[in-house]
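>>> predicted model and sequence below, questions to follow.
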Amino acid sequence: MQLTTTSSKITGTPTALGWVQIHEFAPDDEDKIASRGHLFLIVATENFEASGPEGLRPGGEISELIAGRELISRFQEEYYGDISQKPFEALKRSAEKVSGEFVSSFGNIEIASCALVGNVIYSAAGGGGQVVILRDGMIATILASTGNEIISASGYPKTGDILLLGTKNFFANVSQGVIKASLESKDLEEATEAFASIVHEKEDSGKMGSVVVKFSEELEGYEKPSPVFENNKKNLDLNSFFAFFSKFGKSLPEKRIYISSNSDEESSQSGKKLTLTVGIMLLLILAISIGFGIRQKKIKNLQGEYVERLSQANHNLDEAKGLVGVDSTKARELFSQSDQIYKEISALNAKDSNIDELGGRLEAERANILGEYTSSPELFLDLSLLSSGFTASDFSASSDVIYILDKNSKKIVSVEIDGKKSKVIASQDNVGDVADIASYEGRAFILSSDGVFEVGNTRERVIEGDWGGEAFVAAYTGNLYILDKTGNSIYRHSGSGAGFGTGASWITSGTKVDFSDALGFVIDGSVYVYFMDGKISKYSLGSPQNFAISGEFPEVTKIDSIYSNDETEHLYLLDKEGKRIVVTDKKGGYIAQYVGDKIGEATDIVVSEKEKKIILITGDKLLSIEIKHL
């Protein structure tokens, strides 16, 4: 049912300390009333510098009146000018523009405004203006501005709600108890008289003012709106009801009439049958009415569970869109809040096109605001076709060739990312005991307990095993690097022809490290060591560097694998629990993330930015995701 409003206003007497003006406007133009609605506005400010009596310009209150009208006219012109904008944005923008344009003349400008558009109330305030609501005997503050920044809100009023717009000085001098007691009478004139007695007894009432707006149902002269909820059953109305019983009556057997001498008895029997028929019909009407009433109550109760939250979610999304280029972290936070509200509302299973519209808006803005891409990986290569029962345990990559190790079958296969050319390069006879794998320019190396071996058609030791316990191996620019977890160090073995020199500690002297919980490391010029708790330590030329992941949402708390090389622009983090791959720059700043259920099945990732592919290693298969953030 369409809502209508009644209002009552009170302003203090203009003084040298300031003045207040109140404006109410509803346009005759049908397009503008539909898109911008009924406007209520309070403006208050200190008097501008002047030479007239009592600090006013010549003309006293007349000058104040003219100046106020100029400010109000500008607000109305701005709000009702471009009706292509949404009313929420237009009301806030109008308050911002008026405050900015008149500040040099009037100083600080207080604004409290609201507009009823359809059955939605939009409000904006700044400079100290406030908006409160009385609903079901409870007072709640909707907006309480404290500075020049304009704040805004929107919601769905209901019959009996009372909205109070006021200046900062009004709320400072009229207690919440007085406001509640005055508004609870539901009589606007009585409430205004109560406020007036307080306002006019103040000598400095110039900046005190308020407008009270009461919402009621418009019983006549409105077109019934379409229901918020869609339903396969149409709403019951009297025409369809009587049409139904008309058809029902025609389907009854035709009443045959006989002439009898006992007319009184026949009349009595006929009357009883008629009474019975009418009684049955009335019972049926009652049952339908009760069912319809229960259904309507359920719909209303369900709607009450989410309409305000739906409005908040749309508001958060609008703010997030505006902050993308200004504060991307805040934008992502607001988007995620909106997305969470949408998921919770969707779980209610309400049939409402407004909920569907919010879902569509979230999906349309997800990549722009979150840098988040929902991914369904495609099959890149079935490893079991290369070797029966082959299951990936570990991998290494070099020059867009992936070397995949199966520790159980003790085999290594190579796969070219460009073209998917693949082959078995080392079998059980040459692999043997193996803990880790590295590769460089067509050469594959395995780390065992007794050393590092180059493997292929043969198995040749290239480094003696002199580390204390569990270790990892990596290759970079022709050198081999061994991270010794027990010894808490990284050793570099310089490449020389086909062989490698004696290991030298790569960590700078005096640097204390703890690699006991390390899960692995990668090298792209800098070294990144990642740990069980999601921490990453970065080193350059053996010295620790400042590195922290920032801006991602939700926060990364666990990393299962990372990938980078000297040809990638970014760092790629596998979070199996979060079913995502997080992309950062090489200082840890968030860039994007790829989300999908299949990502949670991956054990490792390889990335080729040149081919724009992320390769997921999942047991006996390689899956691929197209890179979209570049």
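Sure, I can see it. Residues are numbered from 1 along each chain as shown.

>>> and the spatially closest residue to residue 588 that is not a sequence neighbour, what does it touch?
Counting by C-beta to C-beta, 6 or more residues apart in numbering, residue 588 lies nearest to residue 549, which is 4.6 Å off, once chain neighbours are set aside. Bear in mind the C-beta positions are built from the backbone N, C-alpha and C, glycine included. Residues near residue 549 by C-beta atoms under 8 Å, 6 or more residues apart in numbering: 534, 536, 556, 573, 582, 584, 588, 590.

>>> of the residues you listed, which is the nearest to residue 461?
residue 536 (32.1 Å; C-beta to C-beta).

>>> tell me the pLDDT of that closest one.
Looking at residue 536, its pLDDT stands at 96.

>>> is it true that it touches residue 529?
Yes - in this structure, residue 536 is within contact of residue 529 by C-beta atoms under 8 Å, at 7.0 Å.

>>> rewinding a little: find me the pLDDT at the residue nearest to residue 588, would you?
pLDDT recorded at residue 549 is 93.

>>> quickly note the distance from it to residue 562.
Computed as C-beta to C-beta, to the nearest Å, the residue 549 to residue 562 distance reads 11 Å.

>>> list residues touching both of those two?
Contacts common to residue 549 and residue 562, judged by C-beta under 8 Å, 6+ apart, are 536, 573.

>>> tell me the contacts of residue 73?
By C-beta under 8 Å, 6+ apart, residue 73 has no neighbours at all.

>>> report pLDDT for it.
89.

>>> element containing residue 340, please.
In the assignment (DSSP states H and E), residue 340 maps to helix 328-346.

>>> what packs against that helix?
Judged by 3 or more C-beta pairs under 8 Å, 6 or more residues apart in numbering; DSSP states H and E, the packing partners of helix 328-346 are helix 263-323, helix 353-370.

>>> please identify the most buried of these.
helix 353-370 (a mean of 16; mean count of other C-beta atoms under 10 Å).

>>> just the CA coordinates of that helix, formatted as PDB?
Output of helix 353-370 as PDB, limited to C-alpha atoms (Å, rounded to 0.1, in the frame of the first residue of the first chain):
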ATOM      1  CA  SER A 353      13.300  -9.700  -7.900                       C
ATOM      2  CA  ASN A 354      15.200  -7.100  -5.800                       C
ATOM      3  CA  ILE A 355      17.300  -9.900  -4.200                       C
ATOM      4  CA  ASP A 356      18.000 -11.300  -7.700                       C
ATOM      5  CA  GLU A 357      19.000  -7.800  -8.900                       C
ATOM      6  CA  LEU A 358      21.500  -7.400  -6.000                       C
ATOM      7  CA  GLY A 359      23.000 -10.800  -6.900                       C
ATOM      8  CA  GLY A 360      23.400  -9.700 -10.500                       C
ATOM      9  CA  ARG A 361      25.100  -6.400  -9.400                       C
ATOM     10  CA  LEU A 362      27.500  -8.200  -7.200                       C
ATOM     11  CA  GLU A 363      28.600 -10.600  -9.900                       C
ATOM     12  CA  ALA A 364      29.000  -7.700 -12.400                       C
ATOM     13  CA  GLU A 365      31.200  -5.800 -10.000                       C
ATOM     14  CA  ARG A 366      33.100  -8.700  -8.400                       C
ATOM     15  CA  ALA A 367      36.100  -8.600 -10.800                       C
ATOM     16  CA  ASN A 368      36.300  -4.800 -10.800                       C
ATOM     17  CA  ILE A 369      36.200  -4.400  -7.000                       C
ATOM     18  CA  LEU A 370      37.700  -7.600  -5.600                       C
END
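
>>> I'd like the average pLDDT over that helix.
The model assigns helix 353-370 a mean pLDDT of 88.

>>> one more: stretch 459-477?
In this model, stretch 459-477 has a mean pLDDT of 91.

>>> first vs last residue of it, how far apart are they?
End-to-end distance for stretch 459-477: 22 Å, by C-alpha to C-alpha, to the nearest Å.

>>> can I assume residue 23 sits in a strand?
Yes - the assignment for residue 23 (DSSP: H, G, I helix; E, B strand; the rest coil) places it in a strand.

>>> who's in contact with residue 35?
83, 87, 117.

>>> same thing with residue 152?
When contacts are taken as C-beta under 8 Å, 6+ apart, residue 152 is in contact with 88, 91-92, 95, 122-125, 143, 315.

>>> hmm, which two among these are most spread apart?
95 and 315 (15.7 Å).

>>> least reliable of the helices and strands packed on helix 328-346 going by mean pLDDT?
helix 263-323 (a mean of 74).

>>> picking that back up, which one of the contacts of residue 549 sits closest to residue 402?
For these, the nearest to residue 402 is residue 573 (18.4 Å; C-beta to C-beta).

>>> what are the ranges of the helices in the stretch 151-300 of the chain?
For the stretch 151-300 of the chain, applying DSSP state H, counting those that start in this stretch gives helices covering 168-173, 176-183, 188-199, 238-250, 263-323.

>>> pLDDT below threshold where in this protein?
For the chain, the stretches flagged by pLDDT under 70 are 1, 47-65, 67, 186, 218-273, 294-305.

>>> domain map for it?
3-217, 304-368, 378-626 (automatic domain parsing).

>>> let me have those in CSV, extended by distance to residue 288.
Formatted as CSV, the entries for the domains of the chain read as follows, by distance: least, C-beta to C-beta, whole Å:
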stretch, distance to residue 288
domain 3-217, 24
domain 304-368, 21
domain 378-626, 47
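
>>> for residue 275, which of the ones you listed is the nearest?
domain 3-217 (38.3 Å).

>>> just give me how far that closest one sits from the chain centre.
Distance, stretch centre to chain centre, for domain 3-217: 31 Å (C-alpha atoms, centre = their mean, to the nearest Å).

>>> which residue lies nearest the spatial centre of this structure?
residue 335 (2.3 Å; C-alpha atoms, centre = their mean).

>>> and that residue, what does it touch?
By C-beta under 8 Å, 6+ apart, the contact list for residue 335 reads 316-317, 320, 362, 365-366, 369-370.

>>> if I pick the closest residue to residue 466 other than its chain neighbours, what's in contact with it?
Using C-beta to C-beta, 6+ apart and skipping the chain neighbours, the partner closest in space to residue 466 is residue 503 (7.2 Å). Contact partners of residue 503, counting by C-beta under 8 Å, 6+ apart, are 463, 466, 482, 491-493.

>>> repeat that with 10 Å
Under the criterion of C-beta atoms under 10 Å, 6 or more residues apart in numbering, the neighbours of residue 503 are 452, 463-464, 466-467, 480-482, 484, 489-494.

>>> distance of it relative to residue 497?
Note on residue 503: its distance to residue 497, by C-beta to C-beta, is 17 Å.

>>> could you do residue 81 as well?
In terms of C-beta to C-beta, residue 81 sits 78 Å off from residue 497.

>>> and the two? Which one has more around it.
The neighbour count for residue 81 versus residue 497, taken as other C-beta atoms under 10 Å, is higher for residue 81 (13 against 6).

>>> a strand runs through residue 624, doesn't it?
Yes - the assignment for residue 624 is a strand, going by three-state DSSP.
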